[in-house]
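Undergrad: just the structure for this:
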Amino acid sequence: MQTSLEPAIAEIVDGFIAAGRPKASELSWQARRQGYLASAPLGGEREQVGAIEEWHDPHYAVRLYRPAKAQTAHPALIYFHGGCFVSGDFETHDRQLRMLCNRANALVFAVHTRLAPEHVYPAAHDDALAATLAIMARLAEWGGHSERLMLAGDSAGGHLALVTALRLKAMQAPQPAALCLLYPMLDASGASDSYRTYGEDYLITADMLLSGYRTYLGGFPITHPEASPLHHPDLADLPPTHILTAECDPLRDEGESLYHALLAAGVEASCQRQLGVIHGFFQLAKISPAARQAINQVATWLRRL
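TA: Numbers count the residues shown, from 1 in each chain. You can find the predicted model right below:
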């Protein structure tokens, strides 16, 4: 039906519409989490990496993917997973992070933050900052280099990457060398044209996104800069920022609006809209040529730091 979409993605979208566009907000949180986990095999092969280690703070957890090929100053990636602040974990994002580790010959730190509804704002924001500071403090021990560090994330994770950089700036702490935001979740109002155009039919719906987003925010005002960082009053002096958006994604407009806001603030930024795909395409490398290309592109950015 969706002739503008990649064929395998169009088939999934057609099945979703044929099923009556089931509402995520009518599912239990556990069902949402299990559904997200069940989609992980669409990420492709689970590639071997040099080594994996994991550790747990009382509030957050980190999984480190080490590349097989040792070097003196690896690039490093701190990655925050998506899931609308209510789902997602190491396993939902394992496959693409292994690919990034191998393709960039980089240290990849996956960060798992606390989830709503059990933990509302600022839990995930605080966890993201605490994990980032802890990793940055020990980066050299793992063979990483602070001048080759990127913060990245998809969807809610892109939000956390951006807010973490803003918090680091406010603390006058060292910044990462770059940010990479994959279809980031940036405006809790959900008022953009892309929300209206792509919010019902394209699997990751406005209902799914906003029900998770607003559950996490609880009673926190959706207009606050940490709730909707698209409208942050001081974006100046952030690191160079790469943004990827998806054509048929409710979040498309806010990612592209952030790009323009960063340029206006004097930040070095790039933005690329991937055609023929939906929100979450970065996790579809098994079926999506665009996903495979995007993984290679992010790895190239990381390798060139």
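Undergrad: middle-most residue in the chain, spatially?
TA: The central residue of the chain, meaning the one whose C-alpha is nearest the mean C-alpha position (C-alpha atoms, centre = their mean), is Asp154 at 1.4 Å.
Undergrad: thought that one was touching His81?
TA: Yes: A contact is recorded between Asp154 and His81 when judged using C-beta atoms under 8 Å, the distance being 7.0 Å. All C-beta atoms are positioned from the backbone trio N, CA, C, and that covers glycine.
Undergrad: mind listing the shared neighbours of the two?
TA: Counting by C-beta atoms under 8 Å, 6 or more residues apart in numbering, the common neighbours of Asp154 and His81 are His93.
Undergrad: can you pull out the strands in the stretch 201-305 of the chain?
TA: When secondary structure is read from DSSP state E, counting those that start in this stretch, the stretch 201-305 of the chain shows strands at 241-248, 269-278.
Undergrad: try the stretch 51-200 of the chain
TA: Under DSSP E, counting those that start in this stretch, the stretch 51-200 of the chain gives strands at 51-56, 61-66, 74-80, 107-112, 144-154, 178-182.
Undergrad: nearest to Glu6, of those strands?
TA: Proximity of the strands of the stretch 51-200 of the chain to Glu6 was assessed by C-beta to C-beta; the nearest stretch is strand 178-182, lying at 16.9 Å.
Undergrad: how big is the angle separating the closest one from strand 74-80?
TA: Orientation note: strand 178-182 sits at an angle of 40 degrees relative to strand 74-80 (axes from the mean of the first three to the mean of the last three C-alpha atoms, to 10 degrees).
Undergrad: so which other helices or strands are in contact with strand 178-182?
TA: Where contact means 3 or more C-beta pairs under 8 Å, 6 or more residues apart in numbering; DSSP states H and E, strand 178-182 is packed against strand 144-154, helix 156-170, strand 241-248, helix 289-303.
Undergrad: any chance of the ones you listed in a markdown table, plus mean pLDDT?
TA: Formatted as a markdown table, the helices and strands packed on strand 178-182 follow (pLDDT from 0 to 100):
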| stretch | mean pLDDT |
| --- | --- |
| strand 144-154 | 96 |
| helix 156-170 | 98 |
| strand 241-248 | 98 |
| helix 289-303 | 98 |
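Undergrad: make JSON lines from those and add distance to Ala40 to it.
TA: JSON lines is the format used below for the helices and strands packed on strand 178-182 (distance: least, C-beta to C-beta, whole Å):
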{"stretch": "strand 144-154", "distance to Ala40": "13"}
{"stretch": "helix 156-170", "distance to Ala40": "15"}
{"stretch": "strand 241-248", "distance to Ala40": "19"}
{"stretch": "helix 289-303", "distance to Ala40": "13"}
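Undergrad: how close does the residue nearest to Leu302 when sequence neighbours are not counted get to Gln297?
TA: Residue nearest to Leu302 in three dimensions, not counting chain neighbours: Ala104, with 4.1 Å by C-beta to C-beta, 6 or more residues apart in numbering. For Ala104, the distance to Gln297 (C-beta to C-beta, to the nearest Å) stands at 11 Å.
Undergrad: check Pro225 too.
TA: Relative to Gln297, Pro225 is positioned 29 Å away (criterion: C-beta to C-beta).
Undergrad: quick check: the gap between Ala269 and Glu256.
TA: Using C-beta to C-beta, one gets 11 Å for the distance from Ala269 to Glu256.
Undergrad: who touches both of these two?
TA: Counting by C-beta under 8 Å, 6+ apart, the residues touching both Ala269 and Glu256 are Ile243.
Undergrad: how many other residues sit next to the residue lying closest to Ala106 once chain neighbours are set aside?
TA: Leaving out its chain neighbours, the residue that sits closest to Ala106 by C-beta to C-beta, 6+ apart is Pro75, at 4.3 Å. Other residues lying near Pro75 total 26 when counted by other C-beta atoms under 10 Å.
Undergrad: can you check His224 too?
TA: What His224 shows, counting by other C-beta under 10 Å, is a neighbour count of 14.
Undergrad: pull stretch 80-96 out as CSV, backbone CA atoms only.
TA: Provided in CSV are the C-alpha atoms of stretch 80-96 (Å, rounded to 0.1, in the frame of the first residue of the first chain):
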residue,chain,number,x,y,z
PHE,A,80,21.3,5.8,24.8
HIS,A,81,18.6,3.4,23.6
GLY,A,82,15.1,4.4,22.4
GLY,A,83,11.8,3.1,23.6
CYS,A,84,9.7,6.2,24.4
PHE,A,85,11.1,6.3,27.9
VAL,A,86,9.1,3.2,28.9
SER,A,87,10.8,0.3,27.1
GLY,A,88,14.1,-0.7,25.5
ASP,A,89,17.1,-2.3,27.0
PHE,A,90,20.5,-3.8,26.1
GLU,A,91,19.0,-6.6,24.0
THR,A,92,16.7,-4.4,21.9
HIS,A,93,19.8,-2.5,20.6
ASP,A,94,22.4,-5.2,20.8
ARG,A,95,22.8,-6.0,17.1
GLN,A,96,23.3,-2.5,15.8
